[in-house]
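S.K.: just to be clear, the model below is a prediction. Sequence and coordinates:
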Amino acid sequence: MKTTVDTKIHFQNNMQQATVKHPQIGSAAWGWRELEVPEYFRCVTHLGLKLVEVNAHSQTPKHLLNTFSEEAVEKVAHWAEEADVKIVCLAADNDFTLINESDLEAEIEKVRRFVDMAERLGTKLIRIFSGGDKVEYVPPEMFTQLHYAFNCVGDYAEDRGIELAIENHGGVTATGQRMLHLMEGIKSPAVGVNYDPANFLMAGGDPLMALRKILPWVKYTHWKDVRWENGKAEYCALGEGEMVCQPIVKELLKANYEGYWVIEYEESEDVQRGTQDSVTYLKQVFQEVT
């Protein structure tokens, strides 16, 4: 007869294997920005995916805008039901690095309205930004401002059962150390990280080392790759660049990450091909790390 300890270990091993065998792979929305939402959903299901993001961004007029139209939200919810896809994340835009106080408060209110939008869609997660993606030097007072803003929106989201995931997107969030400093000042448990290893690599960092600094806060992940052409870095499909994914995936599984693994192929011209190839490669990585 197995002891309690043996049973627990056996159960944990089985759970880890289940996570590896059945990763929750979905599609990020940015690469599909040139398609109307119903066509986007149809293309994704054709690839065998059922988990999707939806853009809610000023630069994605064919998806949801940040005008918060209830009619548009209802249409997207209907299209998702019709296509039998689950909207797992709202990909929103915001900038909490604005210096003017009234501008900052407007951005905080905008994120609160994204939370209301997510509620109407039945979505439990929103990808947000810090802003300041071109900033090279981040003064201490900027982190103080960011902590204030994220705690404000975090409290609002927490009361409504919604989680917020800050994407590492250059500038203020370019490095693992900056992200660590940011997260340590955010008290709301509703606020975490959207870990995008390719964005760390694009910023010149080591995505694995960055992950180890922010691992406790990772709620969501984006997956793409980076390659260098004639000395210039560009995003590409997962497995077509220079990112070493296996140790990163292994680190997340070791930490019992149970969130989504979302493919973010960014080029709209061949997004279907790039997404499919990325899914295939990510599944291969899961097989290799086990």
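M.R.: Received it, and whenever you're ready, just let me know what you need. Numbers count the residues shown, from 1 in each chain.

S.K.: show residues contacting the helix or strand in which Val76 is found.
M.R.: Applying DSSP states H and E as the criterion places Val76 in helix 70-83. Contact with helix 70-83 is made by 37-38, 41-42, 44-45, 52, 54, 63-65, 86-87, 117, 120-122, as judged by Cβ atoms under 8 Å, 6 or more residues apart in numbering. Backbone N, C-alpha and C define where each C-beta goes, glycine included.

S.K.: tell me the buried residues in it?
M.R.: 72-73, 76-77, 79-80, 83 (16 or more other Cβ atoms under 10 Å).

S.K.: tell me the first helix or strand C-terminal of it.
M.R.: Defined by DSSP H and E, the subsequent element after helix 70-83 is strand 86-92.

S.K.: starting from that next one, tell me which strands it pairs with and how they run.
M.R.: strand 51-56 (parallel), strand 125-128 (parallel) (DSSP bridges).

S.K.: list the buried residues in whichever helix or strand Gly274 is part of.
M.R.: Using DSSP H and E, Gly274 falls within helix 271-289. By 16+ other Cβ under 10 Å, the buried positions in helix 271-289 come out as 271-272, 274-279, 281-282, 285-286, 289.

S.K.: what of stretch 91-98?
M.R.: Result for stretch 91-98 [16+ other Cβ under 10 Å]: buried residues 91-98.

S.K.: Asp261 contacts Lys224, correct?
M.R.: For residue 261 the amino acid is Trp, not Asp. No: contact status for Trp261 versus Lys224: not in contact, 11.8 Å apart, counting by Cβ atoms under 8 Å.

S.K.: higher neighbour count, those two?
M.R.: Lys224 (29 against 21; other Cβ atoms under 10 Å).

S.K.: return the residues in contact with the more buried one.
M.R.: Here Lys224 is in contact with 196, 198, 235-238, 263-266, 278 (Cβ under 8 Å, 6+ apart).

S.K.: among those residues, name the ones in strands.
M.R.: Among those, the residues falling in strands (DSSP state E) are 235-236, 263.

S.K.: returning to that earlier point: could the buried residues of helix 271-289 go into TSV alongside pLDDT?
M.R.: Below are the buried residues of helix 271-289 laid out as TSV (pLDDT from 0 to 100):
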residue	pLDDT
Val271	98
Gln272	98
Gly274	98
Thr275	98
Gln276	98
Asp277	98
Ser278	98
Val279	98
Tyr281	98
Leu282	98
Val285	98
Phe286	97
Val289	95
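
S.K.: turn these into TSV, including distance to Thr175.
M.R.: Listed next are these as TSV, based on distance: Cβ to Cβ, whole Å:
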residue	distance to Thr175
Val271	29
Gln272	33
Gly274	27
Thr275	28
Gln276	32
Asp277	29
Ser278	25
Val279	29
Tyr281	26
Leu282	25
Val285	24
Phe286	27
Val289	25
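
S.K.: right, and out of those residues, which lies closest to Ile186?
M.R.: Nearest to Ile186, judged by Cβ to Cβ, of these is Leu282 at 29.1 Å.

S.K.: just checking, that closest one touches Gln24?
M.R.: No: with contact defined as Cβ under 8 Å, Leu282 does not count as touching Gln24 (11.4 Å).

S.K.: so which elements touch the host helix or strand of Asn194?
M.R.: Per DSSP H and E: Asn194 is located in strand 191-195. With contacts defined as 3 or more Cβ pairs under 8 Å, 6 or more residues apart in numbering; DSSP states H and E, strand 191-195 has these neighbours: helix 140-159, strand 163-167, helix 176-184, helix 207-214, strand 218-223.

S.K.: ok, the residue lying closest to Ser58 once chain neighbours are set aside - contacts?
M.R.: Ranked by Cβ to Cβ, 6 or more residues apart in numbering and with sequence neighbours excluded, the top spatial neighbour of Ser58 is Asn66, at 5.6 Å. Applying Cβ under 8 Å, 6+ apart, one finds that Asn66 lies in contact with 56-58, 92-93, 110, 113-114.
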